[in-house]
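Participant: okay, sequence plus prediction incoming.
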Amino acid sequence: MCAMRDCNNNSGADRHLSFFRFPSDLERAKLWLQACDIKENIPQKRLYNNYRVCSKHFAPHMFLNDLKNRLQIHAVPSSVLNITNDVTTDQSE
């Protein structure tokens, strides 16, 4: 299940999404907690082992590859869904 507030994506329902562990680095993990709007005090090991954020919460430039299953080291999620992960718009009219 995605840790982002109000996101109901889970790995069992959508095989096309990637899910990313919280960083093991404490300072980066704090940035992810803020982005996810998680205010409770969760031990670092528990965050890393049990919490994930889905790929829809990362901007396209945050990924290392076209499969969108590897993140840049500095990647931070956003509460705004990145709809370009799986939606293509037709600009021709």
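Facilitator: In hand now; what should we look at?

Participant: list the first helix or strand encountered after the strand or helix carrying R46 toward the C-terminus.
Facilitator: In this structure, R46 sits in helix 44-50 according to DSSP states H and E. Next in sequence after helix 44-50, counting helices and strands by DSSP H and E, comes strand 52-54.

Participant: what packs against that next one?
Facilitator: Judged by 3 or more C-beta pairs under 8 Å, 6 or more residues apart in numbering; DSSP states H and E, the packing partners of strand 52-54 are strand 19-21. From N, CA and C alone the C-beta is placed, and that goes for glycine too.

Participant: run through who's touching the following helix or strand past the strand it packs on.
Facilitator: Toward the C-terminus, strand 19-21 is succeeded by helix 26-36 as the next helix or strand (DSSP H and E). Under the criterion C-beta atoms under 8 Å, 6 or more residues apart in numbering, residues 3-5, 22-23, 42, 44, 47-48, 53, 57, 76-79 lie in contact with helix 26-36.

Participant: all good on my end, thank you.
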